[in-house]
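# Sharing a model that was predicted from the sequence below.
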Protein chains: 2
Amino acid sequence: MNSALIYDRQIFIISDGTGITAQHLGHSLMSQFEDIDFITTTLPYIDSIDKAQEAVEKVNLAVSTNGELPIIFATLLNPEIRNIINNSKAHIYDLFHAFLAPLEKVLKKKCSYTMGRAHGVTDIDSYQKRMDAVHYTLAHDDGIKLNGYNKADIIIIGVSRCGKTPTSIYLAMQFGLRVANYPLTEDDLSFRELPKCLAPFKKKLFGLTISSQKLHSIRQERRPNSPYAAIKQCQKEINNVEKMFNDNQITFINSTFHSIEEISTRMLDSLDIERTVI
Amino acid sequence: MNSALIYDRQIFIISDGTGITAQHLGHSLMSQFEDIDFITTTLPYIDSIDKAQEAVEKVNLAVSTNGELPIIFATLLNPEIRNIINNSKAHIYDLFHAFLAPLEKVLKKKCSYTMGRAHGVTDIDSYQKRMDAVHYTLAHDDGIKLNGYNKADIIIIGVSRCGKTPTSIYLAMQFGLRVANYPLTEDDLSFRELPKCLAPFKKKLFGLTISSQKLHSIRQERRPNSPYAAIKQCQKEINNVEKMFNDNQITFINSTFHSIEEISTRMLDSLDIERTVI
């Protein structure tokens, strides 16, 4: 299995649910060991004895090229299945088990050990709110629809291709927020005031900027050698947009070296929007 | 603080990074205690001594209505900051600390304790691939663009408003997959064969279906009392689409009671697509 690949460790994510929680924490932990090459196999919905036994077989077959045992990050609620997985020839980190027992003591309650609570539709209203936010955000992407900004939680503004769309969608998907975004055109930027459609919603505005070099290279890919992609054009737009943000006291962030997760976190923090746990 | 609200516990998510990992695991753990009302405050980027001391003050002020101590889920890499937070009057679960020391032993390496590795742009290529996937997915939403299916990782098919769009975007955002989706119209469904534009890509197809009752209520909101939203119309389309899936051996899932996370997990499992850890 994977014998042609060279790697230091095989990681398994094993869950009786979607495995999303285990994947997140496992990834965060392993990202702290930069010089280790690892490959990851995710085994979700291990929710029967047969599946658990199959998973153990897979784990036991996977020895890395240097003969080291695999590592398992598990979120297993069913004790019978956990017992089976615990017999794998691997180092096992059971993320639920490590915390649920101490939490039970502190909360003086038994936990329900119910699968699918974290990423299932347990609260229909909040799930529906989140899906509605995704639809709202798509309908208000890239200035398509200028009405409805009164219903927005955030309106992201910036020049074309500075990263507004992925950030908007991430915020909608992850936090159930209604996020519109509006591309500031050269026309808009020839004034120092905010465009009329945005002015009434100043408190919801958040600016994105980007280095002109990166903007140039992104635009080059889209429309090679066009006036739109020219480095001078990019510099001019970025200068003007930052001036507009400063003149109007719009908080902004430079997306050049930041991921959508980082941009979103800073945005919510700065606009003082509480993150709903989803 | 929040004295007007009645709740059993105040939860704090405290991180020197985005707090996304702590939020995920904290949410998963707390969702196992159904009958506890809790409110959550996220304090990201606690990356200086001043900010850490401010965070401790906030925690110490927050005693729930029944006088119980708050709970902290923390991902703190800086030992100095961790020490300060550890002095809060709270039950503290440090998610990194619990696993990093044992992992160091097993991996025989020191971990880097570098902030921002999990959700920053540490690997520019894979981050760019993910952003490209989001743009591809938006450009191929709802059958807008029929060319380019050869570049898709997955093509989701189903009737209008059965949940294709949010699922596609989730897959792109979370796993960096290029996901097109195509709405099967009544015209398409009057044949038993797959539409011509889809037939060459049978291996990438995944079907979504939904209960006709739920479809009816979703469509009612969009176009109240239209022929499109009529329950009979919904029943007919759902019958025909499931027939088409069965006749053409297209794996499908019913979205009625499943979240986009669950649908996506089952989809990747069934199409045997390995989940990239992001």
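On my side now, so go ahead. Owing to the predicted nature of the structure, the values given are computational and were not obtained by experimental measurement.
# Quickly list the domain ranges of chain A.
A:9-107, A:124-271 (automatic domain parsing).
# Which of those comes out lowest on mean pLDDT?
Of all the domains of chain A, the minimum mean pLDDT falls on domain A:9-107 (a mean of 91).
# Take the domains of chain A and lay them out in TSV including distance to B:Gln233 and mean neighbour count.
(Each C-beta comes from the backbone N, C-alpha and C, glycine too.) Converted to TSV, the domains of chain A look like this (distance: least, C-beta to C-beta, whole Å; neighbours: other C-beta atoms under 10 Å in any protein chain shown):
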stretch	distance to B:Gln233	mean neighbour count
domain A:9-107	33	19
domain A:124-271	21	18
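# In terms of helices and strands, where is the closest residue to A:Thr185 other than its chain neighbours?
Of all residues not flanking A:Thr185 in the chain, A:Ser160 sits nearest, at 7.6 Å (C-beta to C-beta, 6 or more residues apart in numbering or on different chains). Using DSSP states H and E, A:Ser160 sits in no helix or strand.
# How much space separates A:Ser160 from A:Tyr182?
Separation of A:Ser160 from A:Tyr182 (C-beta to C-beta, to the nearest Å): 11 Å.
# swap in A:Ala133?
From A:Ala133 to A:Tyr182 the distance is 17 Å (C-beta to C-beta).
# mind listing the helices for the stretch 101-250 of chain A?
Ranges of helices in the stretch 101-250 of chain A, per DSSP state H, counting those that start in this stretch, are A:124-139, A:164-175, A:186-189, A:212-222, A:231-247.
# Redo those helices as TSV? Include distance to chain B.
Converted to TSV, these look like this (distance: least, C-beta to the nearest C-beta, whole Å):
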stretch	distance to chain B
helix A:124-139	5
helix A:164-175	5
helix A:186-189	22
helix A:212-222	10
helix A:231-247	18
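# re the thing from before, can I get the domains of chain A in TSV including distance to B:Glu34?
Formatted as TSV, the domains of chain A follow (distance: least, C-beta to C-beta, whole Å):
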stretch	distance to B:Glu34
domain A:9-107	11
domain A:124-271	14
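# Local confidence estimate at A:Asp123?
77.
# Isn't A:Leu43 up against A:Ile11?
No - shown here, A:Leu43 and A:Ile11 do not form a contact pair, counting by C-beta atoms under 8 Å, at 11.1 Å.
# residues in the stretch 51-200 of chain A within reach of chain B, list them.
A:71, A:75, A:77, A:91, A:93, A:95-96, A:98-100, A:102-103, A:106-107, A:109, A:111-114, A:116-122, A:127, A:131, A:134-135, A:138, A:141, A:163, A:165-166, A:169-170, A:173 (C-beta under 8 Å from any C-beta of the partner chain).
# rerun at 6 Å
A:91, A:93, A:98-99, A:106-107, A:109, A:111-112, A:117-121, A:131, A:134, A:166, A:169, A:173 (C-beta under 6 Å from any C-beta of the partner chain).
# ok, for A:Leu138, nearest residue in space, not its chain neighbours?
Counting by C-beta to C-beta, 6+ apart, the residue nearest A:Leu138 is B:Thr165, at 7.0 Å.
# for A:Pro195, same thing?
Closest residue to A:Pro195 apart from its sequence neighbours, by C-beta to C-beta, 6+ apart: A:Asp188 at 4.9 Å.
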